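Participant: only the shape, not the letters, is given here:
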C-alpha cells in the first residue's frame, strides 16, 4: 500500500441544496485528501446520498462549488443500479474501468515504432491496468457476483447491487464514493470488502449502517446534521465518544444562553428609568443573544411494534426438515422448535437457502422431506426482502393508513399520525408524497406499514438494508422489548450480536446448524469445530510426550451474559438491603412500619442471602473466565 500524500483530491465548499421547502444542505463544506478513509453518518433524508451524487458529478448543487484535482479518477456506487437490461454482467463491470481499458486498447493498436509506447506503458502501470482481468475475477468471486454471461435485466436487486460494487472498485480509482456498499452482501463478502478498503491506496467516502464495518475501515467519521458537516477523527467508536462530548458542550452553551436570557428578561421587565449607554448595551446584547439560534434538535423517535398476542406452548416446530430446489440441497435434516421470547438470527452466504427457510416456517414453501407444525395461536408478520411496493403518488399518511385513521395497538387503538411520528416522520411531512422521500426514508415507511399489522411471530428478511443508524438502534430496542418470537435474516454482525439469543447458520452443502447465543459466540464455536475437525484429519503421530492436559472450559453464552449483568444485579440487591436497613434505623419505624416488622425482617434476610449468592456466583464465573484466558 502506497503512503498517502495528503494532496487535496476534492473540495466541496458552501454546498446548498433545497427540495421544495426543505433545505437539505445549508452551506456544507468538506475536503477530501489522498489517504482519507471517511465514513459518513446521518439520519435518513438528511442529504447523504444527494451529496455523494454531487461528488460523483451526477447532479449539481443549487449553490456552492465542487473542485476536483485535474485527472481525478473516481469510482461510484449509487444506492440504485441503473444499467442496460440487455448488457451482460461482465460488460457492465468492465464499464467501470473505461480509462484502463482505453489505455490497453490504444497500446495494443500501436505501431511497433510508435513514440507513444513508453508514455502509454507508464500510464498503464500508474493505472494498474495490466492486472485488470485479475482484479475483476477477484472482485466477482469475493462479492459473489452473478455469472459473467448473465444479462442485467434478469438479475434481482441484490445481484445488481453486487455487480455495481464490482464495477465501482475494479478500476483502482483515486477516490471511491460508496453509498451503502454492504447492502445485499453476506458476512464473508463484507469482511473481504473491509480488508479491501483497509488496504486501498487512494481515498474513499462511504456511507453505511454497518457499525463494525465503519469501525474497521475509517480514520475519520463525517457526520451530516442539520445541513452541515462535522468531522470526527478516528473510527465509529471514536465518533460516538466525540459526538457525545460535542452534544454535551452544545447543551451546556444552550443552558448558559437560556440563563442569560432569563436574567436579562427579568431586568428589562423591571423597566429601569434611566436608559443609559450601559442600559442600552444590555438591551442590545439581550436581543442579539435572543436571536441566536440554539442547537438543532433532531425529531425524537420511538419505533414501536404493536404488543403481540399470547403464544401457545407450540409456536412452530420444524421436524427433520429437508429442502431441495433446482436440484440443489439447501437443508439437510434440520430440527428446531421455536419458542416465545426467542430472537433467532439466520446467517450464511447468499444463495444457500436462508430466505427459503423463512418461507418454510411461514408455510409458503413445502419441504421436500420432514414436516412443519404450527401452534394454534401463532400469527406471522413478515417483512419481505424485496418488500411491498410504495405508490410514489400517495402521501405518507395514505400509504400507512390504508383507509383507516387508527390501528389496533394492544388492547387499545392508536392514531396513524401518532404512529408515523413514532417512526420519526415530522408531522409537517406526513402529507407529502412518497416520491419526495429518500431511499432510507422509504425503507422506514415500509417498516412502519408492515409492522402496524402486529402478530406474535415476526419474520424479517434483511430489515437493516437502507436504514440509518438512529433508526437501526431503535429497531434493535423494539425487538429486544418484543415478547413474541423473532426470526431475522441479517448480515449485520452488530445487529445479530445486539438482538439475537440464538443463531441458525447455513454452512453450505445443506448443513444448517443452530447455536445458542449471539453471532460472535457462534463464530467462536465454529472455529472450535473447525479446529477439532482439522485435528481429527491429522495423521497419527508417535507419542513422544505426555498427553497435554485438558483445556480449561470457557464460559457458555448464557454464563457470559450472566457475568456481564452481575455487577448491576449485586448493586441493586445491596441498594435493597440499604433501603430496608434504613427503614429499621428510622426513629419512627414502629409508628410507620410496625405492622410490617416480620415482613420487612424476612425481606431483609432474603436480600442479604441473595447478595451473598450473587457474590459467590460472580467469583465462580470470574474464575472460569480467568482460567480460560
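Facilitator: In hand now; what should we look at? Just so it is clear, the model here is predicted, and its values are computed rather than measured.
Participant: okay, CA-based contacts and neighbour counts for the rest of this
Facilitator: Noted.
Participant: so which residue is dead centre in this structure?
Facilitator: residue 209 (3.4 Å; CA atoms, centre = their mean).
Participant: how about that one, what does it touch?
Facilitator: Residues near residue 209 by CA atoms under 8 Å, 6 or more residues apart in numbering: 180, 464-469, 472.
Participant: ditto for residue 45
Facilitator: 24, 437-441.
Participant: narrow those to those in helices?
Facilitator: In this view, the contacts of residue 45 that belong to helices under DSSP state H are 439-441.
Participant: bridging residues for residue 383?
Facilitator: Beta-bridge pairing for residue 383 (DSSP bridges): residue 460.
Participant: apologies, that question was intended for residue 343.
Facilitator: According to DSSP bridges, beta-bridge pairing links residue 343 with residue 486.
Participant: now it: how far from residue 100?
Facilitator: 48 Å (CA to CA, to the nearest Å).
Participant: what mean pLDDT does stretch 622-629 have?
Facilitator: Mean per-residue pLDDT for stretch 622-629: 78.
Participant: how about stretch 9-25?
Facilitator: 88.
Participant: centre of the chain to that stretch, how far?
Facilitator: Put simply, stretch 9-25 sits 25 Å off its chain's centre (CA atoms, centre = their mean, to the nearest Å).
Participant: stretch 591-600 too?
Facilitator: Distance, centroid of stretch 591-600 to centroid of chain: 52 Å (CA atoms, centre = their mean).
Participant: okay, how far is it across stretch 207-215, tip to tip?
Facilitator: For stretch 207-215, the end-to-end distance is 12 Å (CA to CA).
Participant: which of the residues in it are buried?
Facilitator: 207-215 (16 or more other CA atoms under 10 Å).
Participant: returning to what we had before: from the contacts of residue 45, which single one is nearest residue 169?
Facilitator: residue 439 (22.6 Å; CA to CA).
Participant: any idea which of the ones in helices among the contacts of residue 45 has the most stuff around it?
Facilitator: Neighbour counts for the ones in helices among the contacts of residue 45, by other CA atoms under 10 Å, peak at residue 441, which reaches 23 neighbours.
Participant: ok, residue 374 to residue 500 distance?
Facilitator: For residue 374 relative to residue 500 (CA to CA), the value is 22 Å.
Participant: which of the two has more neighbours?
Facilitator: residue 500 (23 against 17).
Participant: need the contact list for that one.
Facilitator: Residues in contact with residue 500, defined by CA under 8 Å, 6+ apart, are 342-345, 517-519.
Participant: find the nearest non-adjacent residue to it, please.
Facilitator: Once flanking residues are discounted, residue 500 sits nearest to residue 343: 4.9 Å by CA to CA, 6 or more residues apart in numbering.
Participant: burial count for the one you found?
Facilitator: Neighbours of residue 343 under the rule other CA under 10 Å: 27.
Participant: just residue 565 next, same as before
Facilitator: 12.
Participant: C-terminal to the helix or strand of the chain with the lowest mean pLDDT, what's the next element?
Facilitator: The helix or strand of the chain with the poorest confidence is helix 277-290; it has a mean of 55 (mean pLDDT, DSSP states H and E). Note on helix 277-290: by DSSP states H and E, the next helix or strand toward the C-terminus is strand 316-325.
Participant: can you list the strands that that next one pairs with?
Facilitator: Going by DSSP bridges, the partners of strand 316-325 are strand 328-338 (antiparallel), strand 369-374 (antiparallel).
Participant: where's residue 40, which helix or strand?
Facilitator: Going by DSSP H and E, residue 40 is part of strand 37-41.
Participant: what's that strand in contact with?
Facilitator: So strand 37-41 is in contact with 48, 203-208, 214, 217-224, 468-469, going by CA under 8 Å, 6+ apart.
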